[in-house]
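Participant: could you look at this predicted model? Sequence included:
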Amino acid sequence: MTTDTTTKTPEPAAVPAPGPAPEKKRVVRGHRRLLTRRDRFTLALMAGVPTVLHVILVWVTALASILLAFTTWDGIGFDSIKWVGLDNFTQLFTDNPQFWPAVQHNVVWFVVLILIPTPFGLFLAVQLDKKIRFTRVYQTAFFLPVVISMACIGFVWQLVYNPDTGLINSIIGANEPGHYIDWIGDPHLNLWAVLIAASWRHTGYMMILYLAGLKSVDPSLREASALDGAGEWQTFRNVIFPTLRPTNTVVLVVTIIEALRAFDLVFVFNKGAQGTELLSILVTNNIIGESSRIGYGSAIAVVLLVISLAVIIPYLIATFRKERRA
Amino acid sequence: MSGTTLPLKRRAPVRPARVLLHVFLAGTALAWLAPLLWAVFSALRPYSETSAKGYVSWPDKLSLDNFTNAFEQSDMMHYFGNTLLIAVPAVLLTLFLSSCVAFYVSRFDFRVNLALLLVFTAGNLLPQQVIITPLYRLYLLTDLPGITASGKLYDSALGLVLIHVAFQSGFCAFVLSNYMRSLPHELTEAALVDGASVWRLYWQITLPLCKPAMAALATLLSIWIYNDFFWALVLISTGENMPITSALNNLSGQYFTDPNLVAAGSLLTAIPTLVVYFVLQRQFVSGLTLGSSKG
């Protein structure tokens, strides 16, 4: 019982220290008296070990990215780290011929995903939700691309796009030298070519999310709507779609994050050269490419971080607020 | 498509709209599978034939030669082994550690709980590229002589396991804590009053009840970690040490000189995830929606 004296100390709030700190935890609901010293130690380890691992590898590195963005460093020895203020950013925004195209491509990536595969996935989900036969077979066909790795998808689509041996050019007869349509090499075409492959995968993902959302729609709503004589489209627009709001939020967040994360497909296609630059590719090039400009690469990562947090934070606040009310 | 028979529930009278819908769905499904079917078709034909007759042509003979060649030439067995060495510990550790965190935040009312869960969940949503540069440096700086073959965290299976665990535990902690919160509080409370230790509450009472969620997450994690391309690409330097997905990228330039062989190689790497999906379909889909339907 005497071990409880510390439990009422106010917590420093906000982000927890990564270390095992539960000594000063406040336990309510009658647990307080029942936890032995040993239990407290167990709990500290249970929360502490995963937290330390996660915080060091994810959040400390994210913070380090921010710090490094204001420096130049060749990666050889710590003494070569030099503080340069906003230099990396000014250079990035004004001087780098790849940066603005990359930002633009990330935006295009998002816009395409949200305008084409997302509504189409919703449409498929609504059709498949009608309790029709073979629904499992159809679902599997649409969902299969989501199970396969992005890298594999890249290889499979190369077989479709290849200028001389690919499916498209072979069918339309553009596989003779001089008539090539170079789907992957042409900077005006390749982003769209990759986006078709990305949309192909995204549709199935969205379909599954919407199917889950539709399952939770109260059947009596549909019945009431049918009794009122509403048509299929009216029921969907006025009754079903409004109830899908939580799913829509998730879909929006997932799609933004996917657009920011896009990497594998483009890397396998053409390493993000000429027409398919993305922020993720620019960051990675600074690591596995020839030039190791750490500060510069980190500056691009910070841009990516800021955009992601602008999405993640409001989403989490909304999610957790709802949860606490529930 | 229509070969499969599903158990017939009360059969509705055939309506033209339904028929049209089936035609549409079957057509779209077929179009959806086309790229994969095309890869299978290409992989089944020898290069000599396609180069003579063109790719879109009636096959003279179909064989599995490309598959066996791709498998042997590129020593795929070795890379599958590498993947296993990374994925198995990563999945188990992620489940164990994230269930610990979930137990902590969902069964006790500590003040840090919400913040802790936020840190984990938000971490999982970050794009990997945000953290890769310092992580890469950190891995290069961490000397582990005798523990990993490379003597560092960099270029080792251990390094990949750690980052997978750290990154994925965010998602799993979120899902599992929601799940655990739905379990009746009386269960653990009664045991606690009876003098059971915290560990026992976790290991013998809470975890067994979480089996469905754990199974769903295990399926999801195996597929995600198996499919990982990025971490392995940056954090592994020796081709020998690469897991299968990123190894294929190396191999396609090194060994595979014809597209048919690349097709066979890509399909081979996709097989394990497809098998997992077909066997554990229900778990996989419920796992995907566990995290999202909450939103």
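Facilitator: Thanks, I have it.
Participant: tally of neighbours for residue A:144?
Facilitator: When neighbours are counted by other CB atoms under 10 Å in any protein chain shown, residue A:144 registers 20. Using the backbone N, CA and C atoms, a C-beta is placed for each residue, glycine as well.
Participant: quick check: it is in a helix.
Facilitator: Yes - applying DSSP: H, G, I helix; E, B strand; the rest coil, one finds residue A:144 inside a helix.
Participant: that one touches residue B:278, doesn't it?
Facilitator: No - counting by CB atoms under 8 Å, residue A:144 does not reach residue B:278; the two are 9.7 Å apart.
Participant: quick one: contacts for the residue nearest to the spatial centre of chain A?
Facilitator: Among the residues of chain A, the one closest to the centroid is residue A:257, at 2.8 Å (CA atoms, centre = their mean). By CB atoms under 8 Å, 6 or more residues apart in numbering or on different chains, the contact set of residue A:257 is A:308, A:311-312, B:125, B:127.
Participant: so residue 138 is in which element?
Facilitator: All of this is about chain A. Taking DSSP states H and E as the definition, one finds residue A:138 inside helix A:135-147.
Participant: wrong chain, I was asking about chain B
Facilitator: According to DSSP H and E, residue B:138 maps onto helix B:129-141.
Participant: over to residue B:27?
Facilitator: Counting by DSSP H and E, the element that carries residue B:27 is helix B:16-43.
Participant: list the buried residues in that helix.
Facilitator: Neighbour counts over helix B:16-43 (16 or more other CB atoms under 10 Å in any protein chain shown) mark B:22, B:25-26, B:28-29, B:32-33, B:35-36, B:38-39, B:41-43 as buried.
Participant: just the residues you listed that are near chain A?
Facilitator: Among these, the residues within reach of chain A (CB under 8 Å from any CB of the partner chain) are B:22, B:25-26, B:28-29, B:32-33, B:35-36, B:38-39, B:42.
Participant: just the helices in the stretch 101-250 of chain B please.
Facilitator: B:113-125, B:129-141, B:157-181, B:185-193, B:198-200, B:207-209, B:211-227, B:230-235, B:244-254 (DSSP state H, counting those that start in this stretch).
Participant: I'd like these laid out as JSON lines, including mean neighbour count and mean pLDDT.
Facilitator: What follows is the helices of the stretch 101-250 of chain B, written out as JSON lines (neighbours: other CB atoms under 10 Å in any protein chain shown; pLDDT from 0 to 100):
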{"stretch": "helix B:113-125", "mean neighbour count": "21", "mean pLDDT": "91"}
{"stretch": "helix B:129-141", "mean neighbour count": "23", "mean pLDDT": "92"}
{"stretch": "helix B:157-181", "mean neighbour count": "24", "mean pLDDT": "93"}
{"stretch": "helix B:185-193", "mean neighbour count": "15", "mean pLDDT": "83"}
{"stretch": "helix B:198-200", "mean neighbour count": "19", "mean pLDDT": "90"}
{"stretch": "helix B:207-209", "mean neighbour count": "14", "mean pLDDT": "93"}
{"stretch": "helix B:211-227", "mean neighbour count": "21", "mean pLDDT": "93"}
{"stretch": "helix B:230-235", "mean neighbour count": "22", "mean pLDDT": "93"}
{"stretch": "helix B:244-254", "mean neighbour count": "22", "mean pLDDT": "82"}
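Participant: in JSON lines: those, plus distance to chain A.
Facilitator: Shown next, in JSON lines, are the helices of the stretch 101-250 of chain B (distance: least, CB to the nearest CB, whole Å):
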{"stretch": "helix B:113-125", "distance to chain A": "4"}
{"stretch": "helix B:129-141", "distance to chain A": "4"}
{"stretch": "helix B:157-181", "distance to chain A": "4"}
{"stretch": "helix B:185-193", "distance to chain A": "5"}
{"stretch": "helix B:198-200", "distance to chain A": "4"}
{"stretch": "helix B:207-209", "distance to chain A": "12"}
{"stretch": "helix B:211-227", "distance to chain A": "3"}
{"stretch": "helix B:230-235", "distance to chain A": "6"}
{"stretch": "helix B:244-254", "distance to chain A": "5"}
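Participant: which residue packs closest to residue A:222, ignoring adjacent ones?
Facilitator: Nearest residue to residue A:222, sequence neighbours excluded (CB to CB, 6 or more residues apart in numbering or on different chains): residue A:235, at 6.5 Å.
Participant: brain fart, residue A:109
Facilitator: Using CB to CB, 6+ apart, the closest residue to residue A:109 is residue A:259 (4.3 Å).
Participant: wait, what's in contact with the one you found?
Facilitator: With contact set as CB under 8 Å, 6+ apart, residue A:259 has these partners: A:106-107, A:109-110, A:113.
Participant: what's the answer for residue B:234, then?
Facilitator: Contact partners of residue B:234, counting by CB under 8 Å, 6+ apart, are A:284, A:287-288, B:132, B:136.
Participant: okay if I get those residues as TSV plus distance to residue A:174?
Facilitator: Formatted as TSV, the contacts of residue B:234 follow (distance: CB to CB, whole Å):
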residue	distance to residue A:174
A:284	32
A:287	37
A:288	34
B:132	38
B:136	42
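Participant: that older thread, now, the contacts of residue A:259 that are in helices?
Facilitator: Counting by DSSP state H, the contacts of residue A:259 place A:106-107, A:109-110, A:113 in helices.
Participant: from those residues, pick the one nearest residue B:253.
Facilitator: Nearest to residue B:253, judged by CB to CB, of those is residue A:109 at 26.0 Å.
Participant: what's stretch A:90-108 in contact with?
Facilitator: Under the criterion CB under 8 Å, 6+ apart, residues A:191, A:195, A:259-260, A:262, A:276-279, A:281-282, A:296, A:299-300, A:303 lie in contact with stretch A:90-108.
Participant: counting neighbours, which bits of that stretch end up buried?
Facilitator: By 16+ other CB under 10 Å, the buried positions in stretch A:90-108 come out as A:91-92, A:96, A:98-99, A:101-103, A:105-106.
Participant: tell me the least confident of the residues you listed?
Facilitator: Lowest pLDDT within these is found at residue A:96 (86).
Participant: got the phi and psi for that residue?
Facilitator: phi -90, psi 120 (degrees, to the nearest 10).
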